[in-house]
Each structure stands twice: as C-alpha cells, then as structure tokens.
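**Student:** Let me see the structure of the following:
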Amino acid sequence: MAKNYITAAMLLDELNTGLKFEDVPVPELGDADTVVRIRELSGNERVEYNDYVQSFKTENVEDVAVKDIINIMSKIVQITMVDPVTGKRVLSDSQVNVLNSKSPDVITRLATKALELSGMKPEQLEEAKNSLKNDQS
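**Tutor:** Residues are numbered from 1 along each chain as shown. Below you'll find the model as predicted:
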C-alpha cells in the first residue's frame, strides 16, 4: 500500500490547517439556525492563550473576579471562532470585549467547545482560576 507523505506545499496551504472544528448552535445570537464555527487552537495560538491567562498573575488583584474568568473564556472564543469559508478569525484581538456583552451561557458553551477541541479540559478554566488565587495570596 502506497503512503502519501506530506509536502511543503501541503504544510504551507493556509486552508489545510488540519485543525478540528465544530459548528456550535447559538440561537441566542440569532435564530434557531444560527451557529458559530469553533476550531481547535493551533500551536502558536495555544501559546498566545496561555500567555494571556498568565498575564492575570502579574496584576495586583486580591481575588480572581468573575470578570477575569469571563475575559479568559472570551479570549479562547475570540481566538477559535473562525469564518467557515476563509478559516480566519471572526473577531480581532481588539474586538474580544464584544463577547463580554453576550450571554455568559453562550461564552461558556463556546469556550468549553474550544477547550475540548484543543485537547484541554473545561476543568482547566477552574484550575486557572484557582492558580491565580493561589499565586496572589
């Protein structure tokens, strides 16, 4: 049986990311047929997301506020919410706060899916929260 070896052209093809994705229903943002495409984090995006989470450790905060957890969840959604045709992010880094004005249930659903697709556990959001609390005490 012949094997198909990867080529440089295949690796350089921006549309051939090899990243898993799923269309998640968000009827709260439109109608019953409204979906958001969420895909797994790439290696570089995983670093970006981890750096973002770590940035909360440097702030002088006595306790991790709910807004910090919402910000952390919104960030992973912003990174992984992509246009189904182009594969590009729907929101830029500067637009991440748009998500904070949406239902926390929607943000949590989308963040949980992004973590799942990226091989991370939703419990890691809770672990990040606890880690931030412990580092600031």
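
**Student:** In terms of helix, strand or coil, where does the residue nearest in space to the middle of the chain fall?
**Tutor:** By C-alpha atoms, centre = their mean, the chain has its centre lying nearest to Ile76, at 2.2 Å. Using DSSP: H, G, I helix; E, B strand; the rest coil, the three-state assignment for Ile76 comes out as helix.

**Student:** What about the residue lying closest to it once chain neighbours are set aside, how many residues nearby?
**Tutor:** Of all residues not flanking Ile76 in the chain, Ala114 sits nearest, at 4.7 Å (C-beta to C-beta, 6 or more residues apart in numbering). (C-beta placed from N, C-alpha, C; glycine too.) Residues near Ala114, counting by other C-beta atoms under 10 Å, number 27.

**Student:** need the next SSE after the strand or helix carrying Asp68, C-terminal direction.
**Tutor:** For Asp68, the element it lies in under DSSP states H and E is helix 66-80. Later in the chain than helix 66-80, the nearest helix or strand by DSSP H and E is helix 97-100.

**Student:** If you count contacts, what does the following helix or strand past that next one end up packed against?
**Tutor:** As assigned by DSSP H and E, the chain's next helix or strand after helix 97-100 is helix 104-117. If contacts are counted by 3 or more C-beta pairs under 8 Å, 6 or more residues apart in numbering; DSSP states H and E, helix 104-117 sits against strand 21-25, strand 35-39, helix 66-80, helix 123-135.

**Student:** Fine by me, thanks again.
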